[in-house]
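Trainee: This is a predicted model, with the sequence first.
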Amino acid sequence: QVQLVESGGGLVQAGGSLRLSCEASERTFNDRCMGWFRQVRSLEREFVAAIQGGGGSTSYGDSVKGRFTISRDNAKNTVYLQMNNMKPEDTAVYYCAARPWILCGQSEYHYWGQGTQVTVSS
């Protein structure tokens, strides 16, 4: 069972930056695609970004392209989401997720963290 623990959420003003971290509990972290999603209340969970196992290719949701950057440190079993030029519409609970495979997509993530709240004030 993979356990994912997010940290780094909080309150930031519009135009500011935050960095989220997600630490995984297993040694096979390197072999997994890791992703970030976000959700506002009961709305559908939205894909934010993903990074291929081993630190290869990345992909982003249209609403965050050019502002957010996903990266990973395989030695620390940790994936990051650097969020710059933040907007009030970025306010959401952000979730870290892991796929069973190296290659990424926007679905079939089998493991999820508990979420961390990000609030952007105008």
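Mentor: Great, that's in hand.
Trainee: hey, let's count contacts and neighbours off CA atoms from now on
Mentor: OK.
Trainee: Tell me how many other residues surround the residue nearest to Met86 when sequence neighbours are not counted.
Mentor: Excluding its sequence neighbours, the residue lying closest to Met86 (C-alpha to C-alpha, 6 or more residues apart in numbering) is Gly15, at 4.9 Å. Taking other C-alpha atoms under 10 Å as the neighbour definition, Gly15 ends up with a count of 14.
Trainee: Gly15 and Lys87, how far apart?
Mentor: 6 Å (C-alpha to C-alpha, to the nearest Å).
Trainee: In contact with the spatially closest residue to Val40 that is not a sequence neighbour: list those residues for me.
Mentor: Distance criterion C-alpha to C-alpha, 6+ apart; nearest residue to Val40, sequence neighbours excluded, is Ala92 at 4.9 Å. The neighbours of Ala92, taking C-alpha atoms under 8 Å, 6 or more residues apart in numbering as the test, are Arg38, Gln39, Val40, Arg41, Gln117, Val118, Thr119.
Trainee: What strands line up against the helix or strand harbouring the first one, and which way round?
Mentor: Think Arg38. Per DSSP states H and E, Arg38 falls inside strand 34-39. The partner list of strand 34-39 in its sheet, established with DSSP bridges, is strand 46-51 (antiparallel), strand 92-98 (antiparallel).
Trainee: I'd like to check what contacts the next helix or strand after the first one. Which residues are they?
Mentor: Following strand 46-51 in sequence order, the next helix or strand is strand 58-60 (DSSP H and E). The list of residues contacting strand 58-60 from outside it, by C-alpha under 8 Å, 6+ apart, reads Phe47, Val48, Ala49, Ala50, Ile51, Gln52, Ile70.
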